[in-house]
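Chemist: For reference, the sequence and a predicted model appear below.
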Amino acid sequence: TGVPTINILGRDYPTDSYTNITPTIISKLPLQLHRQPGHPICTLRTLIESHFASFSHLSSVSPIVSPYQNFDSLSFPADHPGRSVTDSYYINKDVMLRTHTSAHEVEVFERGEIQWLLTADVYRRDEIDGSHYPVFHQMEGARIVDATESSISEIQEDNERLLRHLERSNIVIEDVPHLTPANPAQPSHNRIHSEAVALNLKLYLNSLLLELFGGSAGATKEDPLRVRWIEAYFPFTSPSYEVEVFFRGKWLEILGCGVVLQSTLDRAKVPNKIGWAFGLGLERIAMILYSIPDIRLFWSSDPRFLSQFKAGEISTFKPYSKYPSCFKDVSFWLPEQAEGDAKMHENDFCDLVRDVAGDLVEDVKVIDKFTHPKTNRDSICYRINYRSMDRSLSNEEVNVLQAEVVSRLKDRFGVEIR
Ligand code: DAH
């Protein structure tokens, strides 16, 4: 009797209508790639930590947080889409998996840390392809100082020193103004202070990017690495920016950052400070630095993957083989639902497929959508690309997986297969 529960990292949690965490996701929680010596994600963490040598380094904070930590403490509005069960993993209505490392800002500032890095696994419901995985790693960094003339002049001196260092580099950085009407200083901030802090943030990050990408990744005088700053919006910073790196013909977003919202610092009981924070995605950066072509590889336990890497060293990944793809389509009528009820979401489909096939699925694409003109029913066709990173799959075993996908679609979502 009693309410149904789910065991996660050794603790039982009651489940409810929010519960959407799957066994596949639960199995990732203990792995913590950022703490496995020799793993590229761990090496990248230590490399960045040594660049921020005077900062505190945190890397063992539980991924299980409250929606208050993940959203409210950072001033996310009540109706922000990130809160929905289609975007985030919930254990129940009051307990979720962090979607970003910013979830820990208030508690870390509250502990009195003034310059710190925090590395952790984060979880998001998403599509399936070569650069998206429902678990990935972020590093949060922050620096706050007293909001006084003397502390700000120290920041300004720091800025002069960093500027001189960056002059001699082989990366090309496109900048945006620190403050604009659409990306303003906060009302409670002195403009000069806000600008000094924003510049300090940009200089710290540009010097990190120069260190990471300026050397071995092939940046030269003739073919420099291109980095661009763009204006952004986050609920918990103003001004806010994103940084993108030009890689293999496209701009890749690698981090978000900004001047910390005063309300965050008030909640952390450090109201007389001002400072910056950033959150960067480690997989994206590691894929560039190590030439790792598929995000699933980070989760491989194949010695042909893991044995290529040495702790503390960036090296170029040598693909051991590309095994054949096996495509399977499934086409079905979406269940008819009561007014206002959400339809089966693409992320629901992707989680179902991941739960059946794990890392044997490379990508999932919608190849057809159709609404019946008379009955108004919606039909959708997905193409699942099954491919192992380690071996050839037989058609028989893929058929077994596909049959399981179809059977769960019928049982869980009541769809009618076409
Ligand atoms: N948490 C944001 C994300 O995951 C990134 C971010 C933006 C972190 C701004 C920050 C920040 O610390 O100040 O997209």
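Modeler: Thanks, I have the structure now.
Chemist: phi, psi of the nearest residue to residue 199 once chain neighbours are set aside?
Modeler: Computed as Cβ to Cβ, 6 or more residues apart in numbering, the closest residue to residue 199 that is not its neighbour in sequence is residue 159, at 5.3 Å. To be clear about C-beta, it is placed using only N, CA and C from the backbone, and glycine gets the same treatment. Residue 159 adopts backbone torsions of phi -60, psi -40, taken as degrees, to the nearest 10.
Chemist: Go ahead and confirm residue 159 touches residue 204.
Modeler: No. Using Cβ atoms under 8 Å, residue 159 is not in contact with residue 204, being 9.7 Å away.
Chemist: Neighbour count: these two, which is higher?
Modeler: residue 204 (21 against 18; other Cβ atoms under 10 Å).
Chemist: Residue 349 belongs to a helix, doesn't it?
Modeler: Yes. Judged by DSSP: H, G, I helix; E, B strand; the rest coil, residue 349 forms part of a helix.
Chemist: That one: how many residues sit nearby?
Modeler: Counted with other Cβ under 10 Å, residues neighbouring residue 349 total 23.
Chemist: Likewise for the one 4 residues further on?
Modeler: The local packing count at residue 353 equals 25, with neighbours defined by other Cβ under 10 Å.
Chemist: Residue 411 now?
Modeler: 9.
Chemist: Please list the residues of this protein that sit near the ligand.
Modeler: Contact residues (Cβ under 6 Å from any ligand atom) of the chain with the ligand: 100, 102, 140, 234, 237, 256-258, 277-279.
Chemist: if you set the cut-off to 8 Å instead, what comes out?
Modeler: Contacts of the chain with the ligand, taken as Cβ under 8 Å from any ligand atom, map to 99-102, 105, 122, 138, 140-142, 232, 234, 236-237, 240, 242, 255-260, 276-281.
Chemist: Just the buried ones among these, please.
Modeler: 99-102, 105, 122, 138, 140-142, 232, 234, 236-237, 240, 242, 255-260, 276-281 (16 or more other Cβ atoms under 10 Å).
Chemist: Give me the distance from the least confident helix or strand in the chain by mean pLDDT to the chain's centre.
Modeler: In the chain, no helix or strand scores lower on mean pLDDT, DSSP states H and E than strand 171-174, which sits at a mean of 86. Here the centre of strand 171-174 is set off from its chain's centre by 24 Å, with Cα atoms, centre = their mean, to the nearest Å.
Chemist: May I have the phi/psi pair for the closest residue to the ligand within the stretch 51-200 of the chain?
Modeler: Checking the stretch 51-200 of the chain residue by residue against the ligand with Cβ to the nearest ligand atom singles out residue 100 as nearest, at 3.5 Å. Backbone torsions of residue 100, given as degrees, to the nearest 10, read phi -160, psi 160.
Chemist: Let's test this: mean pLDDT of the longest helix seen in the chain, rounded?
Modeler: Secondary structure of the chain per DSSP state H: the longest helix is helix 191-213. When pLDDT is averaged along helix 191-213, the result is 95.
Chemist: What's the per-residue pLDDT of residue 252 here?
Modeler: Taking residue 252 on its own, its pLDDT is 87.
Chemist: Give the next helix or strand downstream of the helix or strand where it lies.
Modeler: Using DSSP states H and E, residue 252 falls within strand 250-260. Downstream of strand 250-260, the first helix or strand assigned by DSSP H and E is helix 262-267.
Chemist: Grab the CA positions of that following helix and hand them over as PDB.
Modeler: Output of helix 262-267 as PDB, limited to C-alpha atoms (Å, rounded to 0.1, in the frame of the first residue of the first chain):
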ATOM      1  CA  GLN A 262      21.000  41.700  -7.700                       C
ATOM      2  CA  SER A 263      18.100  39.700  -6.600                       C
ATOM      3  CA  THR A 264      20.200  36.500  -6.800                       C
ATOM      4  CA  LEU A 265      22.800  38.100  -4.500                       C
ATOM      5  CA  ASP A 266      20.100  39.400  -2.200                       C
ATOM      6  CA  ARG A 267      18.800  35.800  -1.800                       C
END
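Chemist: residues making contact with it?
Modeler: When contacts are defined by Cβ atoms under 8 Å, 6 or more residues apart in numbering, helix 262-267 is touched by residues 73-75, 105-106, 109-110, 144, 186, 188-189, 236, 271, 273-275.
Chemist: Weed out the non-buried ones from the residues you listed.
Modeler: Buried, going by 16+ other Cβ under 10 Å: 73-75, 105-106, 109, 144, 186, 189, 236, 273-275, out of the contacts of helix 262-267.
Chemist: In contact with residue 324, which residues?
Modeler: 387, 392-393.
Chemist: Kindly recompute the last result at 7 Å.
Modeler: Listed by Cβ atoms under 7 Å, 6 or more residues apart in numbering, the contact set of residue 324 reads residue 392.
Chemist: Could you do the one 3 residues further on as well?
Modeler: Residue 327 makes contacts with 383, 385, as judged by Cβ under 7 Å, 6+ apart.
Chemist: Am I right that it is in a strand?
Modeler: Yes. Note on residue 327: a strand contains this position according to three-state DSSP.
Chemist: was I right about residue 87 contacting residue 71?
Modeler: No. Using Cβ atoms under 7 Å, residue 87 makes no contact with residue 71, being 11.2 Å away.
Chemist: returning to what we had before: can you list the strands that the least confident helix or strand of the chain pairs with?
Modeler: strand 225-231 (parallel) (DSSP bridges).
Chemist: count of neighbours near the residue in the stretch 301-418 of the chain that the ligand sits nearest to?
Modeler: Nearest to the ligand, among the residues of the stretch 301-418 of the chain, is residue 347, at 17.1 Å (Cβ to the nearest ligand atom). Using other Cβ under 10 Å, residue 347 has 20 neighbouring residues.
Chemist: let's number from 713 now, not from 1
Modeler: In the new numbering, first residue 713, that becomes residue 1059.
Chemist: Spell out the secondary structure type for the residue of the chain most remote from its centre.
Modeler: When each C-alpha in the chain is compared with the mean C-alpha position (Cα atoms, centre = their mean), residue 1086 comes out farthest, at 42.4 Å. Classification of residue 1086 by three-state DSSP places it in coil.
Chemist: what about it, distance to residue 1130?
Modeler: Separation of residue 1086 from residue 1130 (Cβ to Cβ, to the nearest Å): 16 Å.
Chemist: And residue 1114, by the same measure?
Modeler: Where residue 1130 is concerned, residue 1114 sits at a distance of 15 Å (Cβ to Cβ).
Chemist: Those two - which one has more neighbours?
Modeler: Neighbours were tallied for residue 1114 and for residue 1130 using other Cβ under 10 Å; the higher tally belongs to residue 1114 (20 against 11).
Chemist: All set now, cheers.
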